[in-house]
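Engineer: build the 3D model from these lines:
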Amino acid sequence: MDLILWRHADAEDGFPDTTRKLTEKGEKHAQLVAQWLKPRLPNNLSVLVSPAKRALQTADALTSKYEIRKELAPGADVATVLAAAGWPSAKGAVIIVGHQPTLARAAAFLLSGEEADWSMKKGSIWWLSNRIRQGEKQTILRAVISPEFL
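Structural biologist: Coordinates of the predicted model:
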């Protein structure tokens, strides 16, 4: 399974939190990351998105074929995010478009075995895979891409 954690791009300040829209910079960054992702994604792909406006706009840069999942809203916990993705047994790839600190905490858990307050830049992706090697389950970090480098 491939799991791609995509933090929403730069968004306006405001209230209520779930209605905040992407800034012009955020829209550009979402497009850059989507352009990088498109040729690399497998055909068997699911895209799960937080209902927050900024997450929806980020996902729109990639596709209109996604599932809005309320359990991915700001404040979601790591276990809920991983369960929504079907980690580690889902077939193909799953993209989760969501929020900090949840996505970075999920990456920390998958890579180190413990939730930790790692930082994940706005608009960036962390692409992880799982495999079994010599009878041992492993999580592989395949890519970390920040829009500033595209």
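
Engineer: can you check the pLDDT for the residue nearest to Ser124 when sequence neighbours are not counted?
Structural biologist: In space, Ser124 comes closest to Ser146 once its chain neighbours are excluded; the distance is 4.4 Å by Cβ to Cβ, 6 or more residues apart in numbering. The way it works is simple: take the backbone N, C-alpha and C, and place the C-beta from them, glycine included. For Ser146, the model assigns a pLDDT of 97.

Engineer: my read is that Ser146 contacts Gly123, right?
Structural biologist: Yes: if you go by Cβ atoms under 8 Å, Ser146 and Gly123 touch, sitting 7.2 Å apart.

Engineer: list the contacts for the residue nearest to Ser124?
Structural biologist: Lys121, Gly123, Ser124 (Cβ atoms under 8 Å, 6 or more residues apart in numbering).

Engineer: which one in this structure is furthest away from the centre?
Structural biologist: Gln134 (29.0 Å; Cα atoms, centre = their mean).

Engineer: Ser119 in helix, strand or coil?
Structural biologist: Following DSSP: H, G, I helix; E, B strand; the rest coil, Ser119 is assigned to coil.

Engineer: ok, Asp17 to His8 distance?
Structural biologist: To His8, Asp17 is 12 Å away according to Cβ to Cβ, to the nearest Å.

Engineer: ok, Ala73 next?
Structural biologist: 12 Å.

Engineer: neighbour count: the two, which is higher?
Structural biologist: Legend: neighbour count by other Cβ atoms under 10 Å for Ala73 and His8, higher for His8 (28 against 18).

Engineer: show me where the chain has strands.
Structural biologist: With strands called from DSSP state E, the chain shows them at 2-7, 45-49, 67-68, 93-98, 125-133, 136-145.

Engineer: quick one: the longest helix seen in the chain to chain centroid distance?
Structural biologist: When the chain is scanned for its longest helix (criterion: DSSP state H), the result is helix 24-37. Centre-to-centre, helix 24-37 and its host chain are 14 Å apart (Cα atoms, centre = their mean, to the nearest Å).
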